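In: 3D, please:
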Amino acid sequence: MSTYKIDAAHSEITFKVKHLMITNVTGSFTRFDATMEADAADFSDAKISFEADVDSVTTNNEQRDGHLKSEDFFAAETYPKLSFVSKSLTKKSDDQYQLTGDLTIRDVTKTIDLAVEYGGTMTDPWGQVKAGFEISGKINRKEFGLGWGAVTEAGGVVVSDEVKLHLAVQMVKQG
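Out: I've put the predicted structure just below:
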């Protein structure tokens, strides 16, 4: 069994939400950890766990970040972490997989499916074996208790319910 840990310096955990239904606001988590265990060279038997510190959420706007950490959204003081634990990684083609697992935000856990593109494995100049993955999917924020909503004077939605997830991940083989 090989164990891989996320290389945080070469990974990004981001999300996009429509604002006023006309543009996307991008956010990210700056503190996170992930582990992958696999026997198969193609990672088809991989078991993956991930967690992010909710307090590390950033959208490059301090006021908005404070709102995201509040009870209206993540409730960071009560629920300091969000997590994902895989149930299966299904190989669709040489570089395409479907990752299914349980995502927990606040006190709500739901099974979600994510698309995974395997970018390959490479040994870096320092002899570390690294595997790269692009992971994407979408969730409905209200299903996870992120229920805040506001409507404009004209009746438009301020923040969409759909949240697009995008993770660019390098995993480093341990040992």
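
In: what about the chain, any weak spots by pLDDT?
Out: 19-22, 147-159 (pLDDT under 70).

In: so where do the helices sit in it?
Out: Taking DSSP state H to define them, one finds helices in the chain at 62-69.

In: quick one: the strands in it?
Out: In the chain, the strands defined using DSSP state E lie at 2-6, 12-19, 23-29, 32-38, 47-53, 57-58, 81-91, 96-105, 108-123, 129-140, 159-173.

In: Tell me the strands beside the fifth one, with direction?
Out: So that's strand 47-53. Strand pairing for strand 47-53, using DSSP bridges, gives strand 32-38 (antiparallel), strand 81-91 (antiparallel).

In: possible to save those as CSV with mean neighbour count and distance to I139?
Out: For every residue, glycine as well, the C-beta is placed using N, CA and C. What follows is the strands paired with strand 47-53, written out as CSV (neighbours: other CB atoms under 10 Å; distance: least, CB to CB, whole Å):
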stretch, mean neighbour count, distance to I139
strand 32-38, 18, 17
strand 81-91, 17, 11
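
In: Let's have the ones you listed in JSON lines, adding distance to V25.
Out: What follows is those, written out as JSON lines (distance: least, CB to CB, whole Å):
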{"stretch": "strand 32-38", "distance to V25": "20"}
{"stretch": "strand 81-91", "distance to V25": "18"}
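
In: for these, which one sits closest to L103?
Out: Across these, L103 has its closest neighbour in strand 81-91 (5.0 Å, CB to CB).

In: any idea how far that closest one is from the chain center?
Out: In terms of CA atoms, centre = their mean, to the nearest Å, the centre of strand 81-91 is found 10 Å from the chain centre.

In: Now it - C-alpha only, PDB.
Out: Output in PDB follows, covering the C-alpha atoms of strand 81-91 (Å, rounded to 0.1, in the frame of the first residue of the first chain):
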ATOM      1  CA  LYS A  81     -13.500  21.900   9.300                       C
ATOM      2  CA  LEU A  82     -15.100  20.600   6.200                       C
ATOM      3  CA  SER A  83     -14.200  17.100   5.100                       C
ATOM      4  CA  PHE A  84     -14.500  14.600   2.300                       C
ATOM      5  CA  VAL A  85     -14.000  10.800   2.500                       C
ATOM      6  CA  SER A  86     -14.000   8.700  -0.600                       C
ATOM      7  CA  LYS A  87     -16.300   5.700  -1.200                       C
ATOM      8  CA  SER A  88     -15.000   4.800  -4.600                       C
ATOM      9  CA  LEU A  89     -12.700   6.000  -7.500                       C
ATOM     10  CA  THR A  90     -14.000   4.600 -10.800                       C
ATOM     11  CA  LYS A  91     -11.700   4.600 -13.800                       C
END
